[in-house]
Every structure is written in structure tokens, then in C-alpha cells.
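J.: I'll drop the sequence and a predicted model, then ask my questions.
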Protein chains: 2
Amino acid sequence: MRRQNLAVVLGAVRAHSPLSRADVAGRVGLTRAAVSSLVDELIERGALGEAPATASGRVGRPGRALTVSDRGPAGLGLEIGATHLGACVADLRGEPRLWRRVERANAGRPAGQVLAEAAALAAEAEAEAAALGLCVRGRVLAVPGVVPNGSGGLVERAPNLGWHGIRLAHHWPDQDTVPEPENEANLGALAEYWSAERPAETLVHVSAETGIGAALIIDGRLFRGARGFAGELGHIPVQPDGPRCACGARGCLEQYAGEAAVLREAGLARRGLARHGDAVALLAERAAAGHAPTLRALDGAGRALGLALTSAVELIDPDGLVLGGAYAELADWLLPSVRAELAARVTVRPWPPEALRPSVLGRRGPLLGAALTTVRRIMADPTLLPAG
Amino acid sequence: MRRQNLAVVLGAVRAHSPLSRADVAGRVGLTRAAVSSLVDELIERGALGEAPATASGRVGRPGRALTVSDRGPAGLGLEIGATHLGACVADLRGEPRLWRRVERANAGRPAGQVLAEAAALAAEAEAEAAALGLCVRGRVLAVPGVVPNGSGGLVERAPNLGWHGIRLAHHWPDQDTVPEPENEANLGALAEYWSAERPAETLVHVSAETGIGAALIIDGRLFRGARGFAGELGHIPVQPDGPRCACGARGCLEQYAGEAAVLREAGLARRGLARHGDAVALLAERAAAGHAPTLRALDGAGRALGLALTSAVELIDPDGLVLGGAYAELADWLLPSVRAELAARVTVRPWPPEALRPSVLGRRGPLLGAALTTVRRIMADPTLLPAG
């Protein structure tokens, strides 16, 4: 009960700060004495700060303004992609305080090597966060792979990294800082959901990096599926007799709207351009310059994506669809054909075109979601923070 | 609190009856006095019966056996299909006590006429139930159409009946017995979930009557979608450039695995056979007799269904898929090709063929689900029953 009350008080301050203790008591419906005791504990745990009152013009003893701490407790997000490593630290207000991204060809390298480099980046980020007065209280790693429910730190499969059955603790140099793995698409969806002003409560969030994933927010909660495999949008069949996919099936969405397919259609893979630098930036640059094959390739990818998303809308009936990850940066060229396809195919329910929108976070979503996971957990249970 | 305790006691008796009051106290962790008071109330409300003890062989005053009442409170399920009306009454144990099915060509007739006939059937069923000592405490009507969330009794669209925006209360003769409409696919899925020994907690249940619908059970609860449109499996595109569907889109599953499509492929529609009697029984009869065009038609329908279900598995990651409604009666001929298609296409996760199975309830599912809806509500909140 006290745990819950701590969370309620912390949440009220976060939503409405600055508030005085009296303001909080008024908002949460607890006595002033009870709130004061809860506030004291939250200050002791480092979750709240209390400043001298701003001049409020009110009569009586001025309240001292409470705010969620921008020092102290923080969440570390890490990311391993096929071509990069990333780190992000967010404070308890949910503000990202530092971002790191280094380009690395991770695909096919030994997992131990990649994880050692990720651990080094994590240590640097924690040191830098400490210099800002932040103390990392939880670590989550975004991976482009399958993390089964209750996996205990196992990444079952990350095809674009070449990982099979990688247990993070076996490879992480420091057993005190082993992060918890989570699928990047799930984290991107959560970040988007947490960041939106008025989020759709039932949401399909598409994440494209090298592969295509999706995540489902159902009634305000991440739905991971019976075993953690939900949201495999990339392997929805869009042409039953289409080309063979790496997964073994035919005509999967990835064969039409995955990075390799789009580059190939745009005539860019052949010339080896894609190997140098950022394929998404390259596609955006070519499209912006009016390069006809690139425009055709993105239009085709959008149609295939619209077809797969039709299945998602028919089955799940979401409030909203979000194009995240790399697709967010290509949205100018993808949105028209995705929306056209949905308009033509989703006919048995109202489906306004604006229900599909690009992510506001883009490729930073999964990393931010990883950092915010810890923040959200602390907000829900401040006793996770050590007292004193 | 008392409401919840009443439900706990009633649930314990249902799961383990016969139990004495002492047995119940032992099971639910309440004092014997508290349990006795709750039991008294449940008897007064007609939910429990108490018989003389069966010889238990135990020392001490023999407990009197409590059982969930097979008289008194009951749920009425009704169903309007394109070609029939149905009624079912279930007692509080969840046992169906009477079934009525009358063939009626409902498609295209004025909704008021159809609903008046359904009301007459309902009145007959209630009278018959009364003769069994049952008293109907809630009425739910299964319709092959869209019932938006919180619709207040509105059936937004039932294409196979020709209904648009039908509010039941406007047409039902007796305002005291207006049923609550619900989509038949949802009710079929719930009935299956409630009836299974060890149900899959995340389940996609396919219902085929004239059209094809599906319903999603997610973490043990019916998921209706953001607005009540979830599970429109029939309009998943299985061939992007396939034939035009009644919904306006192209290549929807219904064009390959819907009743009309299968009859046409089997060469049965042309001869006008389908108009006379039960199309599903006709297909089953022909298939059992080895009629090659029927076997080919069912094989093709199964492949299309497998393709659409691949999308469902990739997106939702269910524990189980159930073929219900008419498909259950055709399962012998559909299962091989549905399973083959899933085996070929679902490759990124384990997918045992037995995860797809025919419904045990078949075409009775929606009607039973309608009757059980009231029973489940009473079990969850016995104060819905009038005292005394």
C-alpha cells in the first residue's frame, strides 16, 4: 500500500510539478501528514527534489516546490544493431541526458566480441552520467531479435546479427551490470507510446532496421505474444508465390519492403553503395533528389507494407499505426502508397488516413525505450531505489 | 469485498463440488463463520443448493453437500444467422439445458420481422426453461455482424443479413427482454475458451458461417479491438490482385474460403443445390463420398485459410488456433492443407501442427457462448441475482 502511495505521489509531481506538499495532498486525496511522510521518503530515495518556494502570491506559509529529480536515479538504454552500437541515459523525469552511437559492423561477428564492446560503451556512458550526477539503476539492451517471454536474459535468435541462443550473462564482462535484453521493436513501440501526448491505446508500431518488426500495444500495454514472438510483420506473406525469404517461406513482406529489397529495387545495392555508410540516409538522399528508381522502389515497398498492415488492421483493429525506425526517415515517400493501399483494402471499418503516422522518435526509439524502461519501473515502484 | 467473496465461494463450489461449508472454508481461506454467511446469501439468491451430506466417513458432524444450483438462475442465448434462428438456455453450472434451432431465410428480410421472430423463439425458450425450474437472468444475441464497443445494443453492420445500424430495442417487441447483441465469432471463441479443459490463453478462433470471422482471446480475455472490429479474418488479403470481394477490396480470404466460393469451386452452386438445405452438410457429404471437385475446393480453401492464419500467427503469436463454426464440420478435409500451409510459412518460431485444432463445439459455439455470457457474469458477481 505504501509502495503504491509512493508511486501515486511521485506520479502527481511528475505530471504537475512544481507542486508543494499541500498541493500534492489536494491532488491525491491523502492527508497532508501522510503525503509529507511519503515525500520525505521519496526525497531520501533520490526521486524528488524540494526547492525553496517560488513566489506564489498565496496567503500563508509558502510551500516549497517539489520536482522529480534531474539528478540521482537514471536508466541506461543500450542497443546493438547490425551496423551500430548505441547508449542512452535518461533521468527520472524521462529526459534523455546523453546519447552515444558508434558505427560497428556487428553482423556475423562473435557475440562475445560485440557484447564486450557494448559493455565498454555502457561503462563510458555510466561514467559520463555519473559526471552529471546521475546514477544508473537499471540497464536494458535493445536487440534486433527474439527474446522469449521470461527468457532470463536469453536472446533466442537475432538473424541480422547471426546470433542463436545467446545468454547475455555468459558474455558480459561485469556480472554487476549485465543488461536485460528486449526486442528493439517492442522498445521502440513503448518509447512512442510513452512519448505521445495522447497515445493510441491499441497501437501497431512498425520498426524497420535491417529487418522489419512490429510491436503491439494492446489496451495500453505491450503485448509480447504467448511466447514473445508477436509482431513478426516482416514475415507476413504479401505474395503467396513470391520470392523465397531468408526465413524459408515465400513472399514475406521483407522481400518487398526490407532494406536489402528496397536497395536492390532502387539499383543501389549493385553498385556497392549500400556497404558504405548509412543505407537509409542514402535512400532518403536519392529520393529527395528525385531519383526515379529509388522513388519507384519506395513506392513499391509502401504498397507491400500497406498490404501487410491491412492484415494487422483487420485482425487487431488498432487506434493507430506508427511507422518507426528507418521507415520514419523515409516516411515522405512511403506514406502515400501505404495509405493508398490501406484506403483501398480496409473497407469494413472507418479508417482515416491519419491513423497511420510516422514515429516522432524514428531510429532513436528503441534506445530511448530501453532507457525509459527502468525509469517507468521506478515510477511505478519507487521502493526499487535504495533508501538514504 | 463481500461481492468478491461471494464469487470466490461460488467458484470454489463450482470447481470442486460437492463441498461442505467446512470444505469451502478450508479451500478459500476464510473463517467458517464468514463462509457460512456467504453460503447463506448464495442459497438465498438461488445460486447454491445444499443437500443432506453424502456419507463421508469423516468423524464429526457430517457436512451438508453444497452444489451450484441446476434450478433457478439461467442465461438465455439467442442467435440470428443468415439461414436460421437459435436459442439455448444454460443453467448456472454452465450446462446447456435446451437447444432450439429453426431454419429461416433471414438474409435481406426486414430486421424488424426477423427480430420479432427471434423474440417469439426467445419467449418459447424462456417458457420451456421455466418448466425446468429455470429463470432467465440475462439475454445475449449472437449476430453475424459488427457490434462496436459500448454500442448500447446497436448492430452496426451485418452484411450477410443485410442489416445496417439496427438498434435491437427499436425492433424488439418486449422492452423487458431486449437481448444484448454480440458478434457471433466472439461468442464462439468465448464458448470454446470456457469449455476447454486447459485452454490456450492466447487464442485465435475462426468462425465460419456464411462469412468468415475470427475472435481473439488475449491473455484469457476476449479482445474486441479498439472499436470492436478485431478479428476480421475474412478480409485479410490472400492474393493482392485476386477477385473483387463484396467489401470492395481485392483477394480477401472470403473469396477463397467463404461458403459461396467453396460451393462454386466444388461445382455445387451452379446446380442450385446450395439453396436447398444446409450447404455445409452438403459439402461434408460430397467430400466424404470422394467427390473430386469438392475435395479440390476444400483443399484450396484450406490453403487460403492457412495463408491468412499465417498472418495471425506472425502478428499475434497465439498458443492455439481453433477452426470453429462450419469449418469444424469440414475439418477432416481442411486441416491437412491449413496445417501444411502453416508449416511451410511459419518458420521463425516453433509451430506444432496440433496447435491448430477443430472446435469441439462447432456450429453450436456462438449460441452456447451467448447463453454462458450471463452465467459467467453471475459467477463473477452473484449480487446480480435478486436476493430472496
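T.: Yes, it's here.
J.: rest of the way, CA atoms for contacts and neighbours
T.: Fine.
J.: and residue A:207, that's in a helix?
T.: No - when classified by DSSP: H, G, I helix; E, B strand; the rest coil, residue A:207 is found to be strand rather than part of a helix.
J.: Quickly list what it is bridged to.
T.: residue A:213, residue A:324 (DSSP bridges).
J.: Quick one: the strands in chain A, in order.
T.: Shown for chain A, the strands assigned by DSSP state E span residues A:48-51, A:65-68, A:72-80, A:84-91, A:96-103, A:134-143, A:154-158, A:163-167, A:180-183, A:203-208, A:212-218, A:221-223, A:320-325, A:356-358.
J.: could you redo those as a markdown table and give each row mean pLDDT and distance to residue A:278?
T.: Formatted as a markdown table, the strands of chain A follow (pLDDT from 0 to 100; distance: least, CA to CA, whole Å):
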| stretch | mean pLDDT | distance to residue A:278 |
| --- | --- | --- |
| strand A:48-51 | 90 | 41 |
| strand A:65-68 | 93 | 38 |
| strand A:72-80 | 97 | 16 |
| strand A:84-91 | 97 | 10 |
| strand A:96-103 | 95 | 9 |
| strand A:134-143 | 97 | 19 |
| strand A:154-158 | 91 | 20 |
| strand A:163-167 | 94 | 22 |
| strand A:180-183 | 96 | 22 |
| strand A:203-208 | 93 | 14 |
| strand A:212-218 | 94 | 17 |
| strand A:221-223 | 95 | 30 |
| strand A:320-325 | 94 | 13 |
| strand A:356-358 | 95 | 20 |
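J.: Spatially central residue in chain A, please.
T.: residue A:188 (2.3 Å; CA atoms, centre = their mean).
J.: who's in contact with that residue?
T.: A:205, A:207, A:324, A:325, A:364, A:365, A:366, A:367, A:368, A:369 (CA atoms under 8 Å, 6 or more residues apart in numbering or on different chains).
J.: what's the closest non-adjacent residue to residue A:114?
T.: Once flanking residues are discounted, residue A:114 sits nearest to residue A:106: 6.4 Å by CA to CA, 6 or more residues apart in numbering or on different chains.
J.: Just to check, the one you found is in contact with residue A:113?
T.: No - using CA atoms under 8 Å, residue A:106 is not in contact with residue A:113, being 9.0 Å away.
J.: These two - which one has more neighbours?
T.: residue A:106 (20 against 13; other CA atoms under 10 Å in any protein chain shown).
J.: what's the more buried one sitting at in phi/psi?
T.: phi -90, psi -20 (degrees, to the nearest 10).
J.: Rebuild the strands of chain A as TSV, extending it with mean neighbour count.
T.: Formatted as TSV, these follow (neighbours: other CA atoms under 10 Å in any protein chain shown):
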stretch	mean neighbour count
strand A:48-51	19
strand A:65-68	22
strand A:72-80	29
strand A:84-91	26
strand A:96-103	15
strand A:134-143	24
strand A:154-158	20
strand A:163-167	15
strand A:180-183	25
strand A:203-208	30
strand A:212-218	25
strand A:221-223	17
strand A:320-325	26
strand A:356-358	20
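J.: need the ones you listed in a markdown table with distance to residue B:128, can you?
T.: Converted to a markdown table, the strands of chain A look like this (distance: least, CA to CA, whole Å):
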| stretch | distance to residue B:128 |
| --- | --- |
| strand A:48-51 | 66 |
| strand A:65-68 | 65 |
| strand A:72-80 | 65 |
| strand A:84-91 | 66 |
| strand A:96-103 | 67 |
| strand A:134-143 | 61 |
| strand A:154-158 | 58 |
| strand A:163-167 | 61 |
| strand A:180-183 | 56 |
| strand A:203-208 | 47 |
| strand A:212-218 | 42 |
| strand A:221-223 | 45 |
| strand A:320-325 | 48 |
| strand A:356-358 | 52 |
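J.: Measure how buried residue A:93 is and give me the count.
T.: 21.
J.: Next one: it relative to residue A:216, how far apart?
T.: 25 Å (CA to CA, to the nearest Å).
J.: what does residue A:130 give?
T.: When residue A:130 is compared with residue A:216 (using CA to CA), they lie 35 Å apart.
J.: Contact partners for the residue in the stretch 101-250 of chain A that chain B sits nearest to?
T.: Taking CA to the nearest CA, chain B has its nearest neighbour within the stretch 101-250 of chain A at residue A:231, 4.3 Å off. Neighbouring residues of residue A:231 by CA under 8 Å, 6+ apart: A:213, A:214, A:215, A:216, A:224, B:314, B:315, B:316, B:317.
J.: Distance to residue A:68 for those residues - can I get that in a markdown table?
T.: Converted to a markdown table, those look like this (distance: CA to CA, whole Å):
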| residue | distance to residue A:68 |
| --- | --- |
| A:213 | 34 |
| A:214 | 32 |
| A:215 | 30 |
| A:216 | 30 |
| A:224 | 31 |
| B:314 | 40 |
| B:315 | 38 |
| B:316 | 37 |
| B:317 | 38 |
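J.: Residue B:3: which of those residues is nearest?
T.: Residue B:3 lies nearest to residue A:224 out of the contacts of residue A:231, by CA to CA, at 32.9 Å.
J.: who touches the residue nearest to the closest one when sequence neighbours are not counted in this structure?
T.: Using CA to CA, 6+ apart and skipping residues adjacent in sequence, the residue nearest residue A:224 is residue A:230, 5.3 Å away. Residue A:230 is in contact with A:214, A:215, A:216, A:223, A:224, B:313, B:314, B:315, B:316, B:317, counting by CA under 8 Å, 6+ apart.
J.: State the pLDDT value of residue A:230.
T.: On pLDDT, residue A:230 comes in at 94.
J.: for chain A, which helix is longest?
T.: helix A:292-316 (DSSP state H).
J.: Tell me what angle it forms with strand A:320-325.
T.: Taking axes from the mean of the first three to the mean of the last three CA atoms, to 10 degrees, helix A:292-316 and strand A:320-325 form an angle of 140 degrees between their directions.
J.: Give the buried residues for helix A:292-316.
T.: A:293-316 (16 or more other CA atoms under 10 Å in any protein chain shown).
J.: again with stretch A:22-42
T.: For stretch A:22-42, by 16+ other CA under 10 Å, it's A:22, A:23, A:24, A:25, A:35, A:36, A:38, A:39, A:41, A:42.
J.: what residues are up against the residue in the stretch 251-388 of chain A that chain B sits nearest to?
T.: With CA to the nearest CA as the measure, residue A:315 is the residue of the stretch 251-388 of chain A nearest to chain B, at 4.2 Å. Shown in contact with residue A:315 (CA under 8 Å, 6+ apart): B:229, B:230, B:231, B:232, B:233, B:236, B:312.
J.: Go again with 10 Å.
T.: Listed by CA atoms under 10 Å, 6 or more residues apart in numbering or on different chains, the contact partners of residue A:315 are A:309, B:204, B:213-216, B:224-225, B:229-236, B:311-312, B:315-316.
J.: Do you know the pLDDT at it?
T.: Confidence score, pLDDT, at residue A:315: 97.
J.: How about it, nearest residue that isn't a chain neighbour?
T.: Using CA to CA, 6+ apart, the nearest residue to residue A:315 is residue B:231, at 4.2 Å.
J.: Isn't residue A:252 up against residue A:235?
T.: Yes - the pair residue A:252 / residue A:235 is scored as a contact, 4.6 Å apart, by CA atoms under 10 Å.
J.: higher neighbour count, the two?
T.: residue A:235 (31 against 28).
J.: And that one, how far from residue A:212?
T.: Taken as CA to CA, the span from residue A:235 to residue A:212 is 8 Å.
J.: Same question for residue A:139.
T.: 25 Å.
J.: cool, and residue A:120?
T.: Taking CA to CA, one finds residue A:120 at 28 Å from residue A:212.
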